[in-house]
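Student: dropping a prediction and its sequence here:
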Protein chains: 2
Amino acid sequence: MSQLILSVSWRRNLKPIEQKFARLETEHAPGQEVCAIGVVDPTVMQGKPIPGVPVDFSHGDVNETAFAPTPGSFEIFAEGVRSGGEQAYTEYRGKAAIREVVADKLAAFTGRPVDAARELIITPGTQGALFLAVASTVTSGDKVAIVRPDYFANRKLVEYMEAEIAPVDMNYLETEGKAGIDLERLEDAFRGGAKTLLFSNPNNPVGVVYSANEINRIAELAQHYGATVIVDQLYSRLIYTGNTFTHLRCTDIDPDNLVTIMGPSKTESLSGYRLGVAFGSARIIERMERLQAIVSLRAPGYCQAVLRTWFDEPPGWMTDRIQQHQLIRDELIEILQACAGTSVRATEAGSYIFPRFPALRIERQEFIDLLRLQAAVIATPGTEFSPYCADSIRFNFSQNRGAAAEAMHRVVQLANRYRA
Amino acid sequence: MSQLILSVSWRRNLKPIEQKFARLETEHAPGQEVCAIGVVDPTVMQGKPIPGVPVDFSHGDVNETAFAPTPGSFEIFAEGVRSGGEQAYTEYRGKAAIREVVADKLAAFTGRPVDAARELIITPGTQGALFLAVASTVTSGDKVAIVRPDYFANRKLVEYMEAEIAPVDMNYLETEGKAGIDLERLEDAFRGGAKTLLFSNPNNPVGVVYSANEINRIAELAQHYGATVIVDQLYSRLIYTGNTFTHLRCTDIDPDNLVTIMGPSKTESLSGYRLGVAFGSARIIERMERLQAIVSLRAPGYCQAVLRTWFDEPPGWMTDRIQQHQLIRDELIEILQACAGTSVRATEAGSYIFPRFPALRIERQEFIDLLRLQAAVIATPGTEFSPYCADSIRFNFSQNRGAAAEAMHRVVQLANRYRA
């Protein structure tokens, strides 16, 4: 308690800009584990490290031994470089010829037309698209509905805009056939003045897909309350057997109040090229371009060429990729279910699994540190996604299958070692 | 007058976020000319188009026939792709091994050490660095000193942060041996509460270099008033014979209050890879990384590898590149000086020339449009850089020499055709 008071009063002495950045700390963010110093109280550590191939579950493995980038992507990049200035210097929203190709593909994929000239922007990754979409929609003091748990940057983006979060919980462990979003709470948020909803579908970190009913109800509520929706569909191409994906843009929602975000960084393993897209409301896309002009100018010019491979992978390649991920999912679920007291929902889409572990006799952050030190496993703590997910850990299983399974066995061994 | 009132009252009816984005319009920004519809009143247009090779002076030409990217840059990129995940997924501030190489080069170049771990961040282009530096330093309501004329995005960045601009004029046409910044006005700005100065040296659009005296006095004033300085030194490797460049970081300024920005997009023609760096104050770099985590995650991973070529060009390559630019400068200056009533200062560094043209009998924007329609020349209106530079036009002369000279002859011909 006294520590809490101290921490609050310490924050009160900060200048406004210092307070703003204090809320953006990235120490436990995925990809930053390399910076973690990992000092664990030696009295806490028990037993010896468990040998095995290190696995970094904080992101997918794009090496040849796991899930390599789309075939031909490098060659298309090389063509872009050879074409010179016309590919290096594009319009801020991306090269027109490439936007035309991508708009057609996205229209076919989502089932609704996309105007390449007005309704699409190419961004530096989906993170770039999320930032631009939020910054083009939300201003200081606004209320924004955010799902818990959801992608860690969503909350930070709202905080960076000095807006207020209206949290909407998702009860994913006790529901079936739907994501479990609390739709009454969402209506409360809109009724309470939230003018924007930001969420990921398929959900990151849980890997659940929103049901058609949920998506239709979200559309209905947004429509009724005149809210703007930013939906991050980054994983919408990686849907496992038995699940159906509903595109929000195919509902009755006013298309002028909707931005959909996707990109080829995950399923297609093209993250090294930093590419994303946002499509939908021409009004918001126009603002996003104005902002991109001063934030990063444009998505890397030569890299934009790689979008020509998107939705144009070799026949069977995507089906095979989905099947391979599904096999890894099945194996990891089996390993986790054998760990007494662990709750886990089988991933329906994407490459995350978000098990809730049994009570431990050590702090949750210590367990994360010990996974790294004693099991050669990097994973992302649940608190990055919701304050109520301290018992959960996110694993990106887009990895070499054998290495991932062995690593998950080590995780279970350590959970048993430190069980309360 | 009534139009002004209308326009103000129209803006008053906008929502706050609409007002914010109304200030960010990009219609005349460099690189966006492709979007310009270019409807010119037919009664204004006189004579026939002048035939010639089209030249886009809004940015440099990176094709083989002009100034191609650093030799070996593509091969280094290809190596980065081959190295896989370790190059695709780097720390948000950039891959540590690359930061170490770059920090050493920047220390040698600027004459002051750079700590690769704490004092350097790799960003998506220098535009990314500028945005992150400003957003990490300035909050709503702050005052920021901005030089006029200076890089067009500086003003927009301050406006986007909802901060106030304290303008400081630069009298570049009537001074010699210095940039001509009004140092008394700068002190007024600091005295009036400006806590940040943002400027480019060498100056964009004028191509002048600040004298050692000017830089030392800027340092002294910043020090005295406790101001933070963000200096964009993007063109500091392209210095012409007879000019000396002074690095602000080599003065007595408190290094904790200084961020220097550079990148390989211009002199090295690597713009297609979207790379920039900011170095200096560890405190500000730390904030910039936190912000990058939600803005674009990181500079494109594979592209970061290309920074290994920076300051490591083949022997003689950079000297030759500077000489080639100097020859083009000399030729364009000669062409412009033959145009009665045109004032131009010879570029001292970088690849911009910013002539002030004589009075015309048509609107300045009409002249810009006619350059495109009748002379196949794209250039950037002076008003992008200062409200008082309507008579000036910025030309980036990093072009094929013959094409640039012929194009400038066409510009002069049109200036004479539409002379008042």
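Tutor: Okay, I see it.

Student: show me which residues of the stretch 51-200 of chain A sit near chain B.
Tutor: A:59, A:61-64, A:68-69, A:74, A:77-78, A:80-81, A:84-85, A:87-89, A:91-92, A:96, A:124-125, A:127-128, A:130-131, A:136-140, A:153, A:156-157, A:160 (Cβ under 8 Å from any Cβ of the partner chain). Glycine gets a C-beta too; all of them are placed from N, C-alpha and C.

Student: how much space separates the nearest residue to A:Phe367 once chain neighbours are set aside from chain B?
Tutor: The spatial neighbour of A:Phe367 that comes closest, neighbours along the chain excluded (Cβ to Cβ, 6 or more residues apart in numbering or on different chains), is A:Leu360 at 5.8 Å. Going from A:Leu360 to chain B by Cβ to the nearest Cβ, to the nearest Å gives 28 Å.

Student: list the contacts for A:Leu360?
Tutor: Shown in contact with A:Leu360 (Cβ atoms under 8 Å, 6 or more residues apart in numbering or on different chains): A:Phe367, A:Ala415, A:Tyr418, A:Arg419, A:Ala420.

Student: out of those residues, which are inside helices?
Tutor: Members of the contacts of A:Leu360 lying in helices (criterion: DSSP state H): A:Phe367, A:Ala415.

Student: just name the closest of the contacts of A:Leu360 to A:Asn204, please.
Tutor: A:Phe367 (21.3 Å; Cβ to Cβ).

Student: tally of neighbours for that closest one?
Tutor: 23 (other Cβ atoms under 10 Å in any protein chain shown).

Student: surely A:Arg308 meets A:Arg99?
Tutor: No. A:Arg308 is beyond contact range of A:Arg99, at 11.2 Å (criterion: Cβ atoms under 8 Å).

Student: let me know the angle separating the helix or strand where A:Ile285 lies from helix B:282-295.
Tutor: A:Ile285 is part of helix A:282-295 when elements are defined by DSSP states H and E. Put simply, helix A:282-295 runs at 150 degrees to helix B:282-295, going by axes from the mean of the first three to the mean of the last three Cα atoms, to 10 degrees.

Student: give me the distance from helix A:282-295 to the chain's centre.
Tutor: 22 Å (Cα atoms, centre = their mean, to the nearest Å).

Student: after it, next one along is what?
Tutor: Moving toward the C-terminus from helix A:282-295, the next helix or strand (DSSP H and E) is helix A:301-304.

Student: what's the first helix or strand after that following helix?
Tutor: Following helix A:301-304 toward the C-terminus (DSSP H and E): helix A:317-337.

Student: quick one: strands adjacent to the helix or strand just after that next one?
Tutor: Note on helix A:317-337: by DSSP H and E, the next helix or strand toward the C-terminus is strand A:352-353. Strand A:352-353 has its sheet partners listed here by DSSP bridges as strand A:393-396 (antiparallel).

Student: then the strand it pairs with to PDB, C-alphas only?
Tutor: Extracted C-alpha coordinates of strand A:393-396, given in PDB (Å, rounded to 0.1, in the frame of the first residue of the first chain):
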ATOM      1  CA  ILE A 393       1.300 -16.400 -20.800                       C
ATOM      2  CA  ARG A 394       1.200 -15.800 -24.500                       C
ATOM      3  CA  PHE A 395       3.100 -18.200 -26.800                       C
ATOM      4  CA  ASN A 396       3.500 -17.600 -30.600                       C
END
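
Student: rewinding a little: A:Arg308 and A:Arg99: which has the busier surroundings?
Tutor: A:Arg99 (26 against 19).

Student: do I have it right that that one meets A:Arg93?
Tutor: Yes. Counting by Cβ under 8 Å, A:Arg99 touches A:Arg93, with 7.1 Å between them.

Student: which neighbours do the two share?
Tutor: A:Leu120, A:Ile122.

Student: fine, thanks again, bye for now.
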